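>>> no sequence on this one, just coordinates:
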DNA sequence: GCCGTTTTCGGCCCGACTGTTTTCAGTCG
């Protein structure tokens, strides 16, 4: 499903870059970037849309719709091909080096014929950049350093890792400076699945800025100082991750958090509203365009309110229609971590977990869960050596634990079944009927074609004993691609059979991801936010699952483990399923 | 190139830092 959207997005982004390099209209470039973002984030498959529906996507007009259709029909776009002949791909690649943008990339190509990162590195070493305007000794150094970074670090880090670093840096800064208002913003606050850099905000009067910047560059995480000023300082940690600190007057805290939380596209939307009202919004506050009187800045709520909007949760700020929804009073009341009443997918040392059932249950109780499911692996995952006897013994163990435990959490005995290539699962129905719930997941045959993957997942949904499809696309971020499957067809089957889709909260999975959730939700699918914990500590991963669910606009109504136990049990025994 | 309860033409977000340009362009977020 996502593939055509991603392809079209990449295509439009490339065209936007080429417009920038060739010195084309900056507004035209932005129009292509905006359309690229809109199509990349569009929940449905764009290759299935007609001209009219395509143009209904905000930012897509006649010209871009024509190009998208041309691409989907023929596999290429004539206008893009033509520009590509003018500018070799390697020139665009130069822009991925920090400090090099379209103008400098073009200068390098036009004046020196440099059309790849390697050629650029050689040119610097051979000192051929000497005469080029805008390339002094410092920029040459920056280029070599940037290429080095690109080659070693390459790319983004997982949300879970980034949250840890961001929390450490905020705590370190607070301790070193006594700052009260200090927080991370940016994509970490929005809970994006991967993070490119970390933005930290501090509120302090002007005269304290220098002291705070010094504390920042003095943190143990600061392996390198990238730039330092009185208002903004950037460091890199030992692994090449950039952290930016902005210091703002305390009066500007809300406007600053709003601005630095982004996304950029969300900010543009909000500013457009400001402009239409004759106002100006910056990180310092909301001002009258004429006269410059400050109208709001102290809190995010205040700034939004003055623009006629309710507060918009960070996870929604991706320009996916949240501003329009806010204007119409149609923002969803998002599910929160506190809404979760239990976890429905966890493991113990009976299979590949590290903690005993008793330890897992104790932690679930400490988390305040009303119910808690243990779902160890089933026999088809051969390495786990599961048998009927072992899992029945576990059921007995849980019964004893429940007696000791009292009413909370109520223990549910489940299993994580393996979905075979034909959609079959490990045990027959009469044995499955003994479980409180069954999660079913793909653990093998990742390479089947789209038709076969789709068929096996739909069959799993149709199994009356399967309640939840675990990590539905089986992707591991940065490690394993998702299986090729028609998710829309699977979602339809889920909605029809009353099978929930899992939002696996492990930071290296986050599966389903936000865009899939948006799509599934519209088909009436229900979700389970599960930790898939294999250790006691991993039970805390649910926060990332909740963040992902929020990015998919889910309310507690959509999430079965935010429901009271009675309602959850009715869902697990829904009509069409044999009673048990 | 897109878009419209101010507009079908004339707008399109805004500010900080760096490097080298002696007054500001380019890049970044």
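The structure has been received and is ready for your questions. Given the structure is predicted, the values throughout are model-derived calculations rather than measurements.

>>> Which secondary structure element is home to the residue nearest to residue A:24 when sequence neighbours are not counted?
Leaving aside its sequence neighbours, residue A:24 sits nearest to residue A:18 (C-beta to C-beta, 6 or more residues apart in numbering; 8.0 Å). C-betas here are computed from N, CA, C, even on glycine. Using DSSP states H and E, residue A:18 maps to helix A:2-21.

>>> wait, does that helix contact DNA strand B?
No - Helix A:2-21 is not in contact with DNA strand B by C-beta under 7 Å from any atom of the strand; minimum separation 7.8 Å.

>>> got it, and stretch A:106-114?
No - residues of stretch A:106-114 are not located near DNA strand B by C-beta under 7 Å from any atom of the strand, the shortest gap being 7.7 Å.

>>> Return the set of buried residues in that stretch.
A:106-109, A:112, A:114 (16 or more other C-beta atoms under 10 Å).

>>> Just send these back as CSV, with distance to residue A:357, pLDDT and secondary structure too.
Shown next, in CSV, are the buried residues of stretch A:106-114 (distance: C-beta to C-beta, whole Å; pLDDT from 0 to 100; DSSP: H, G, I helix; E, B strand; the rest coil):
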residue, distance to residue A:357, pLDDT, secondary structure
A:106, 63, 92, helix
A:107, 65, 92, helix
A:108, 62, 92, helix
A:109, 63, 92, helix
A:112, 67, 91, helix
A:114, 62, 92, coil
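
>>> burial of the nearest residue to residue A:4 once chain neighbours are set aside, as a residue count?
Of all residues not flanking residue A:4 in the chain, residue A:47 sits nearest, at 3.9 Å (C-beta to C-beta, 6+ apart). Using other C-beta atoms under 10 Å, residue A:47 has 16 other residues around it.

>>> Residue A:47 and DNA strand B, how far apart?
Here residue A:47 is placed at a distance of 18 Å from DNA strand B (C-beta to the nearest atom of the strand, to the nearest Å).

>>> I'd say that residue and residue A:39 touch.
No - assessed by C-beta atoms under 8 Å, residue A:47 is found out of contact with residue A:39, at 10.7 Å.

>>> What is the burial count for the residue of chain A found nearest DNA strand B?
The minimum distance from chain A to DNA strand B, using C-beta to the nearest atom of the strand, falls at residue A:136 (1.8 Å). Residues near residue A:136, counting by other C-beta under 10 Å, number 12.

>>> cool, the one 3 residues further on as well?
Using other C-beta under 10 Å, residue A:139 is surrounded by 16 other residues.

>>> try residue A:454
21.

>>> Quick check on the residue nearest to it when sequence neighbours are not counted: phi, psi?
Distances taken as C-beta to C-beta, 6+ apart place residue A:486 nearest to residue A:454, at 4.4 Å, with adjacent residues excluded. The phi/psi pair for residue A:486 (degrees, to the nearest 10) reads phi -80, psi 90.

>>> longest strand of chain A?
In terms of residue count, the longest strand belonging to chain A (DSSP state E) is strand A:410-418.

>>> if we can go back for a sec, my guess is the residue nearest to residue A:454 contacts residue A:452. True?
No - using C-beta under 8 Å, residue A:486 is not in contact with residue A:452; the gap is 10.9 Å.

>>> What pLDDT does the model give the residue of chain A positioned farthest from its centre?
Ranked by distance from the centre of chain A (C-alpha atoms, centre = their mean), the top residue is residue A:131, with 44.1 Å. Per-residue pLDDT puts residue A:131 at 78.

>>> Roughly how far does it sit from residue A:137?
13 Å (C-beta to C-beta, to the nearest Å).

>>> And residue A:123, by the same measure?
Computed as C-beta to C-beta, the residue A:123 to residue A:137 distance reads 14 Å.

>>> Please identify which of those two sits among more neighbours.
More crowded of residue A:123 and residue A:137, by other C-beta under 10 Å: residue A:123, with 19 against 9.

>>> For the more buried one, what is the enclosing helix or strand?
Using DSSP H and E, residue A:123 sits in helix A:117-125.

>>> helices or strands up against that helix?
Applying 3 or more C-beta pairs under 8 Å, 6 or more residues apart in numbering; DSSP states H and E, one finds that helix A:117-125 makes contact with helix A:89-94, helix A:102-112, helix A:137-152.

>>> Can you name the element that comes right after the last one?
On the C-terminal side of helix A:137-152, the closest following helix or strand by DSSP H and E is strand A:157-158.

>>> can you list contacts of that next one?
The contact list for strand A:157-158, computed with C-beta atoms under 8 Å, 6 or more residues apart in numbering, reads A:193-195, A:239, A:241, A:477-478, A:507-508.

>>> Report the lowest-confidence entry in those.
pLDDT across the contacts of strand A:157-158 is lowest for residue A:478, at 76.

>>> For residue A:505, see how far away it is.
In this view, residue A:478 and residue A:505 are 17 Å apart by C-beta to C-beta.

>>> Residue A:165 now?
To residue A:505, residue A:165 is 19 Å away according to C-beta to C-beta.

>>> More neighbours: which of these two?
residue A:505 (29 against 19).

>>> and the stretch 51-200 of chain A, which of its residues are near DNA strand B?
So the stretch 51-200 of chain A meets DNA strand B at A:55, A:58-65, A:95, A:97-105, A:133-140, A:142, A:186, A:197, A:199 (C-beta under 7 Å from any atom of the strand).

>>> How about the contacts made by the closest residue to residue A:119 other than its chain neighbours?
Among residues not flanking residue A:119 along the chain, residue A:90 sits closest, at 7.3 Å (C-beta to C-beta, 6+ apart). Applying C-beta under 8 Å, 6+ apart, we find residue A:90 in contact with A:115-117, A:119.

>>> Now which of these would you call buried?
A:115, A:117, A:119.

>>> Out of these, which is nearest to residue A:328?
residue A:117 (47.1 Å; C-beta to C-beta).

>>> after the strand or helix carrying residue A:269 comes which helix or strand?
Assessed by DSSP H and E, residue A:269 sits inside helix A:264-276. Sequence order places strand A:279-282 as the next helix or strand after helix A:264-276, per DSSP H and E.

>>> Run me through the strand neighbours of that next one, direction for each.
Paired neighbours of strand A:279-282 in the sheet (DSSP bridges): strand A:285-288 (antiparallel).

>>> List the buried residues of the strand it pairs with.
Of the residues in strand A:285-288, A:285-287 count as buried by neighbour count, 16+ other C-beta under 10 Å.

>>> what about that strand, near DNA strand B?
No - judged by C-beta under 7 Å from any atom of the strand, strand A:285-288 makes no contact with DNA strand B; its nearest approach is 8.2 Å.

>>> How far does that strand sit from its chain's centre?
Remark: strand A:285-288 is offset 31 Å from the chain centroid, using C-alpha atoms, centre = their mean, to the nearest Å.

>>> can you list contacts of the following helix or strand past that strand?
Next helix or strand after strand A:285-288 toward the C-terminus (DSSP H and E): strand A:294-296. With C-beta under 8 Å, 6+ apart as the test, strand A:294-296 has contacts from A:254-255, A:279, A:285-288, A:302-303, A:305-306.

>>> Select, from those residues, the two members most distant in space.
So for the contacts of strand A:294-296, where distance means C-beta to C-beta, the most widely separated pair is A:254 and A:288, at 17.4 Å.

>>> in stretch A:378-388, what's buried?
For stretch A:378-388, a neighbour-count test (16+ other C-beta under 10 Å) marks A:378-381, A:384, A:386 as buried.

>>> which regions of the stretch 101-250 of chain A sit below the pLDDT cut-off?
Along the stretch 101-250 of chain A, segments meeting pLDDT under 70 span A:152-155.

>>> Find the nearest non-adjacent residue to residue A:266, please.
Closest to residue A:266 by C-beta to C-beta, 6+ apart is residue A:317, at 3.9 Å.

>>> re the thing from before, what's the pLDDT at the residue nearest to residue A:454?
For residue A:486, the predicted pLDDT is 94.

>>> Same check on the one 4 residues further on?
According to the predicted model, the pLDDT of residue A:490 comes to 97.

>>> pretty sure it contacts residue A:456?
No - assessed by C-beta under 8 Å, residue A:490 is found out of contact with residue A:456, at 9.8 Å.
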